[in-house]
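Asks: have a look at this fold, sequence not included:
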């Protein structure tokens, strides 16, 4: 079957990245950029976002040449959203150096008419009231997925809980899951999140992989072991992009389809962190992705023979 | 085939445990106790350890009724080894309250003649010079596994590196792997450890599961997701016990045999942490173990179909 397009709303940004491996200024970033460049291998992406007048033509050209539909990319008067971050030596801590919202501050997402029939919707990490605005402009979505962040959990909790009631798939990291539920145990947090609306909750755990919670049970996948991580920026967004892409590509929302989609997410995230910014997502090939998917399968496989004498 | 017996040297102790769920005084503990009660489901255990004259008869009876061969359990003049620990609210931090070595201070393990033909040897977490003494008393081991701890890495590094040259399987936790190699990245740490002697290195990561490194590649298994952890004490020792037990039970040291053994380790560790001390390891049944093994297999399974359109 043909892959369904994914309607994506999120941020497009210029990043300043500092990691132990080096620094990168004016890096093309933003959650929607990472999402798009991972999802494109699986399904077409329809972008809803805003950039400033300083958005480089080369960045737009990259999205275009990646097949991303830019009819929903608004250009507003003012500067692009800019974010700066600095990672600690072990890459497990990150300090935000600055956040300049620029044109993002007054962004109200407008879904172009030609996007309104989208069956797969990803509400990237923007204010939950804006996420709801987007959703209200889509006719009959088959799957609505949502990402959020600590800022909205703290400052817009009611709006977040409101939009969550209309969401099928929640994708958050472990600290956000704990913060949103007040549960320190990830299994209990996952179960509590299922009571908020979504039928499926995916909790990302960085280098420790990801877990899916649903009525049918739990799925866990480790991260692909890497001997060298250059820049963790965008790993979670790439994960979400490949996850949604896999679902939209196959139209299979069963437990098995979700598991395969999460494995795809883990694979694309593993490529992202091997270079600065979007570099590796630009260069990675289909056969490299298929190869690493097989590597992940082999990584986690063990024989199901009952191991107990006499059991 | 019949399971081979495992020669085990380690500590038998009386523990004082404080966790957010409560406290337990004079708990039957020690690495060898947890190891034995997990391994016994898979293979016979031959224990080499020391206890003091204050070692309760009921603890000895528990080991005996679990089928542990106690001909190598020395009773020395003096008090038992005692350890006290207190866990933080999220169970991820542990403070050692006291360590009273007692009879353990002057322990020199003597391997009974009837144990010397053991093919599977587990050198539990004691001074590396003593681990070597034990190994020198075994005739022709087929598999030698070793555990160690931060204390020996700091204070007896040369002796540890010496005994490691005669070890096939190293089982350590992630912080020990980093400390021993100076590598913060776990994949690089695993590779470096393989250069020290062992053909297989298993790195335990607590709630994040475990990973195996060997010439043939990497295997990763998540921890069984638990919604309630009571007491993490002995999880790593139970893991090692079931791992060695599975290997000794099946005599299969292939990549597949090792993967299955590590999965068994993850399963038994998951039972251990669900109650205080050795409680759950005493009550767990073969069918519960087989059931959770199947749960772990289902937890990690995903379909291998190539997920990429056109790949």
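Replies: Done, it's in. Computed from a predicted structure; not experimentally measured.

Asks: what mean pLDDT does stretch A:159-168 have?
Replies: Average pLDDT, stretch A:159-168: 98.

Asks: same question for stretch A:36-43.
Replies: When pLDDT is averaged along stretch A:36-43, the result is 98.

Asks: before we move on, what about stretch A:126-143?
Replies: Model confidence over stretch A:126-143, given as mean pLDDT, is 97.

Asks: could you do stretch A:225-235 as well?
Replies: Mean per-residue pLDDT for stretch A:225-235: 95.

Asks: can you list the buried residues in it?
Replies: Neighbour counts over stretch A:225-235 (16 or more other C-beta atoms under 10 Å in any protein chain shown) mark A:225-226, A:229-235 as buried. For glycine as for every other residue, the C-beta is placed from the backbone atoms N, C-alpha and C.

Asks: can you give the distance of that stretch from its chain's centre?
Replies: In terms of C-alpha atoms, centre = their mean, to the nearest Å, the centre of stretch A:225-235 is found 15 Å from the chain centre.

Asks: can you give me the end-to-end span of it?
Replies: 14 Å (C-alpha to C-alpha, to the nearest Å).

Asks: again with stretch A:297-305
Replies: Using C-alpha to C-alpha, the end-to-end distance of stretch A:297-305 comes to 18 Å.

Asks: do a quick rundown of the helices in the stretch 101-250 of chain A.
Replies: Using DSSP state H, counting those that start in this stretch, the helices found in the stretch 101-250 of chain A span residues A:128-136, A:150-155, A:157-164, A:174-181, A:186-194, A:235-250.

Asks: sorry, back to before: near chain B, from the buried residues of stretch A:225-235?
Replies: Counting by C-beta under 8 Å from any C-beta of the partner chain, A:225-226, A:229 from the buried residues of stretch A:225-235 sit close to chain B.

Asks: get me the contact residues on the stretch 51-200 of chain A for chain B.
Replies: So the stretch 51-200 of chain A meets chain B at A:89-90, A:184-188, A:191 (C-beta under 8 Å from any C-beta).

Asks: among those, show me the least confident.
Replies: The minimum pLDDT among these falls on residue A:90, with 80.

Asks: in three-state terms, label that residue for me.
Replies: Three-state assignment for residue A:90 (DSSP: H, G, I helix; E, B strand; the rest coil): coil.

Asks: that one and residue B:186 touch, don't they?
Replies: No - under the criterion of C-beta atoms under 8 Å, residue A:90 makes no contact with residue B:186, lying 10.6 Å away.

Asks: who has more neighbours out of these two?
Replies: residue B:186 (20 against 12; other C-beta atoms under 10 Å in any protein chain shown).

Asks: next up, the contacts around that one.
Replies: A:225, B:174, B:177-178, B:203, B:205, B:211 (C-beta atoms under 8 Å, 6 or more residues apart in numbering or on different chains).

Asks: now with 10 Å, please.
Replies: A:207, A:225-227, B:174, B:177-178, B:203, B:205, B:211, B:213 (C-beta atoms under 10 Å, 6 or more residues apart in numbering or on different chains).

Asks: what of residue A:162?
Replies: By C-beta under 10 Å, 6+ apart, the contact list for residue A:162 reads A:128-129, A:131-132, A:156, A:197.

Asks: out of those residues, grab the one that's most surrounded.
Replies: That'd be residue A:131 among the contacts of residue A:162, by other C-beta under 10 Å, with 31 neighbours.

Asks: ok, for that one, nearest residue in space, not its chain neighbours?
Replies: What sits nearest to residue A:131 in space, not counting adjacent residues and going by C-beta to C-beta, 6 or more residues apart in numbering or on different chains, is residue A:123, at 4.0 Å.

Asks: all the strands of chain A, in order from the start?
Replies: Taking DSSP state E as the test, the strands found in chain A are A:6-9, A:13-19, A:22-29, A:45-51, A:69-75, A:81-87, A:94-100, A:120-123, A:143-147, A:169-173, A:200-204, A:210-214, A:217-221.

Asks: for the last one, what does the pLDDT average out to?
Replies: This means strand A:217-221. 96.

Asks: re the thing from before, and which of the contacts of residue B:186 is nearest residue A:270?
Replies: residue A:226 (6.2 Å; C-beta to C-beta).

Asks: quick check: the closest one touching residue B:220?
Replies: No - taking contacts as C-beta atoms under 10 Å, residue A:226 lies outside contact range of residue B:220: 12.0 Å.

Asks: could you export the residues of the stretch 51-200 of chain A next to chain B as TSV, including distance to residue A:53?
Replies: TSV is the format used below for these (distance: C-beta to C-beta, whole Å):
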residue	distance to residue A:53
A:89	38
A:90	39
A:184	46
A:185	48
A:186	43
A:187	48
A:188	47
A:191	47
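
Asks: thought residue A:241 was touching residue A:40, still the case?
Replies: Yes - Residue A:40 is within contact range of residue A:241, at 8.0 Å (criterion: C-beta under 10 Å).

Asks: neighbour count winner among the two?
Replies: residue A:241 (36 against 19).

Asks: for the more buried one, what are its contacts?
Replies: With C-beta under 10 Å, 6+ apart, residue A:241 has these contacts: A:6, A:8, A:10, A:31-43, A:45, A:122, A:124, A:234, A:264-265, A:268-269, A:272, A:281.

Asks: look at the closest residue in space to residue A:252 that isn't next to it in sequence and say how many residues are nearby.
Replies: Nearest residue to residue A:252 in three dimensions, chain neighbours excluded: residue A:260, at 7.7 Å (C-beta to C-beta, 6+ apart). Other residues near residue A:260 number 24, with proximity taken as other C-beta under 10 Å.

Asks: so residue A:260 sits against residue A:246, correct?
Replies: Yes - at 6.1 Å, residue A:260 counts as touching residue A:246 under the criterion of C-beta under 10 Å.

Asks: find me the pLDDT at residue A:1, would you?
Replies: Note on residue A:1: pLDDT of 59.

Asks: quick revisit: overlap in contacts, residue A:40 and residue A:241.
Replies: With C-beta under 10 Å, 6+ apart as the test, residue A:40 and residue A:241 both reach A:6, A:281.

Asks: can you pull the contacts of the closest residue to residue A:29 other than its chain neighbours?
Replies: Spatially, and ignoring its direct neighbours in sequence, residue A:29 is nearest to residue A:15 (3.5 Å; C-beta to C-beta, 6+ apart). Taking C-beta under 10 Å, 6+ apart, we find residue A:15 in contact with A:24-30, A:33, A:81-85, A:231, A:233-234, A:276-278.
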